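[1] 3D model of this:
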Amino acid sequence: MSVPSTPLNRLRQLWREGRPAFGAIATIPSVQMVQIMARSLDWIIVDLEHGPIGLTEAHAMIAATTGTPCTPLVRIAANEPWLAKAPMDIGAFGINFPMITSRADAEKAVRSVRYPPRGDRLWGPFHAPFRWGQSMPDYMASADDEMICMVTIEHVDAVNRIDEIMATPGIDVAVIGPGDLATSINKRGQMDDPELLALIARAEAGILRSGVPIGGVARTADQANALIDRGYRAIALGFDWSLFQRGIMAAFEGIRR
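    Below is the predicted model of the structure:
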């Protein structure tokens with residue numbers, strides 16, 4: 001088997017070293033946007049849950065990270081193996097599973113990203129080896145260990161079952177989704193609500209107890225530094241559109257209009 005000169009999945013190396021990895025969620029079907037972001041970020045999640053991106057665009061966006069330090073992941077619309085299958089087969093290095101609320105959900109997600117006997121992934125990674133820089137035999141030998149299973153904790157039921165979820169073998173990173181978590185308690189958009197903050201703290205404590213890398217969202221440098229101090233290892237700096245929007249706003253700072 002050929003041995004890559006650099007780590008195949010850079011995120012795993014960063015987490016083994018206890019270092020934070022910074023990323024963003026791509027919702028705009030744009031190769032050019034990904035090429036720009038991939039020069040600065042450790043990871044990008046191509047969003048197939050809430051945006052207009054299809055598999056053809058996702059394939060091009062995954063390919064656009066080639067030659068950069070950025071690891072391409074894909075968020076699917078639901079925790080279903082058939083939704084995870086094609087993104088992996090076109091080169092994603094990991095799948096972000098939304099709305100994980102139980103141990104059964106977590107086990108289903110884990111098995112979706114690994115081949116038998118460890119999981120239920122079906123064979124057909126025709127395009128993945130090209131992005132991974134491997135032959136087909138090498139890809140098949142490394143895929144189970146390198147593919148990232150990212151679960152999102154974003155419902156009050158998940159927080160209430162956080163210990164049983166995080167006891168599931170094979171979860172590689174667990175991220176807290178404050179938007180849907182707030183919505184699940186009828187506090188949508190109220191990011192500073194005390195009930196929401198208490199749920200986030202409980203989810204955070206449970207993930208940290210498990211030893212699995214934890215991820216979250218930071219919209220400012222102070223928020224990011226606070227997350228790092230609390231042990232977060234996957235930090236989303238925003239969506240592509242929000243980063244673009246913030247850049248435009250920053251360009252106007254100090255201009256008399």
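
[2] dump the residue contacts of the nearest residue in space to residue 35 that is not next to it in sequence.
    Nearest non-adjacent residue to residue 35, counting by Cβ to Cβ, 6 or more residues apart in numbering: residue 64, 4.9 Å away. (Each C-beta comes from the backbone N, C-alpha and C, glycine too.) Contacts for residue 64 were tallied using Cβ atoms under 8 Å, 6 or more residues apart in numbering; they are 31, 34, 35, 38.

[3] likewise for residue 52?
    Contacts for residue 52 (Cβ under 8 Å, 6+ apart) come out as 27, 29.

[4] what strand or helix carries it?
    Following DSSP states H and E, there is no helix or strand that holds residue 52.

[5] repeat that for residue 79.
    Per DSSP H and E, residue 79 falls between elements, in no helix or strand.

[6] measure it to residue 142 for me?
    Applying Cβ to Cβ, to the nearest Å, the value for residue 79 to residue 142 is 24 Å.

[7] between the two, which is the more surrounded one?
    Counted by other Cβ atoms under 10 Å, residue 79 and residue 142 do not tie: residue 79 has more neighbours, with 21 against 17.

[8] and the more buried one, what is it in contact with?
    Neighbouring residues of residue 79 by Cβ under 8 Å, 6+ apart: 97, 98, 99, 100, 105, 108, 109, 112.

[9] give the contact list for the second one.
    With contact taken as Cβ under 8 Å, 6+ apart, residue 98 is in contact with 49, 75, 76, 77, 78, 79, 152, 154, 177, 180.

[10] equivalent analysis for the fifth one, please.
    Residue 105 sits next to 79, 97, 99, 151, 165 when contact means Cβ under 8 Å, 6+ apart.

[11] repeat that for the first one.
    Residue 97 makes contacts with 76, 79, 84, 105, 109, 112, 149, 150, 151, 152, as judged by Cβ under 8 Å, 6+ apart.

[12] what about 10 Å?
    For residue 97, the contact set (Cβ atoms under 10 Å, 6 or more residues apart in numbering) comprises 49, 75-76, 78-80, 83-84, 105-106, 108-110, 112-113, 149-152, 171.

[13] quick check: longest helix of this protein.
    Taking DSSP state H as the criterion, the chain has its longest helix at helix 194-210.

[14] nearest spatial neighbour of residue 42, skipping sequence neighbours?
    Closest to residue 42 by Cβ to Cβ, 6+ apart is residue 21, at 3.9 Å.

[15] need the contact list for that neighbour.
    Residue 21 makes contact with 10-15, 41-43, 69-71, 173, 213, 215, 232-235, according to Cβ under 10 Å, 6+ apart.

[16] drop anything exposed from the residues you listed.
    Applying 16 or more other Cβ atoms under 10 Å to the contacts of residue 21, the neighbour count classes 10-12, 14-15, 41-43, 70-71, 173, 213, 215, 232-235 as buried.

[17] now residue 235: which helix or strand?
    Here residue 235 is covered by strand 234-239, with elements defined by DSSP H and E.
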